[in-house]
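> this is a predicted model, with the sequence first.
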Amino acid sequence: MAKKDLFEIKFAEPKHAESIEKVYKEWLEFKGILPDELIKPESKEEILNDINQINCIKKYIIAENEKKEIVGVCYIDTSFITLNTIRLGNMIIKKEYRRKGVGSSLIDYIINFANKNNVYKIWLWTQEELIPAIKLYEKKGFVFEGKQKAQFCEKDALLYGLVLKK
């Protein structure tokens with residue numbers, strides 16, 4: 001566990017699926033702000049299916065506190081890793097752990113993974129209503145690259161990218 005914070009960041013295992021599902025339910029706080037389709041939590045079965053696939057492109061990353069409770073989760077989409085690019089997806093932090101370094105630690109872990117795997121760019125989509133998330137991405141070096149019109153559920157998506165120095 002990195003001592004710069006009190007969180008252990010690692011790739012998820014099948015035993016984590018149920019806890020990941022619970023953390024993803026935190027998206028429901030955005031009901032009425034974001035379209036229902038964007039905040040629908042992934043089920044334990046969907047998460048397990050992704051974790052158990054040997055060549056799955058969706059790799060969940062978790063943040064555990066000192067009690068081994070999952071307090072944050074996201075995934076990386078590696079479908080374009082052969083083109084030196086990955087996507088950060090669906091980062092959510094339990095409400096009581098926000099602004100405590102969990103999101104920053106997850107991003108640092110992803111950057112470290114990218115550097116070890118010859119990835120030159122990490123990108124993500126976000127929504128303009130998620131201002132604290134946008135501030136975190138920008139603090140970590142992500143740059144606004146544009147707005148994709150009607151990307152999800154007729155809602156615009158903001159595209160952010162981080163080009164890593166090699």
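Great, that's in hand. Note that this is a predicted model, so its numbers are computed, not measured. Numbers count the residues shown, from 1 in each chain.

> what's the burial count for Asn118?
Around Asn118 there are 11 other residues, counting by other Cβ atoms under 10 Å. Heads up, the C-betas are built off the backbone N, CA and C, glycines and all.

> please read the previous query as pertaining to Glu66.
For Glu66, using other Cβ under 10 Å, the count is 9.

> three-state assignment of it?
coil (DSSP: H, G, I helix; E, B strand; the rest coil).

> now for the residue nearest to Asp77 when sequence neighbours are not counted: which residues touch it?
Distances taken as Cβ to Cβ, 6 or more residues apart in numbering place Arg87 nearest to Asp77, at 4.1 Å, with adjacent residues excluded. Listed by Cβ atoms under 8 Å, 6 or more residues apart in numbering, the contact partners of Arg87 are 76-77, 79-80, 122-125.

> give me the subset of these lying in strands.
Applying DSSP state E to these, the entries found in strands are 76-77, 122-125.

> and these, which is closest to Leu28?
Trp125 (19.4 Å; Cβ to Cβ).

> isn't Phe152 up against Leu34?
No. Between Phe152 and Leu34 there is no contact under Cβ atoms under 8 Å: 9.0 Å.

> between the two, which has more neighbouring residues?
Applying other Cβ under 10 Å to Phe152 and Leu34 shows that Leu34 carries more neighbours, namely 17 against 14.

> brilliant, that's me finished.
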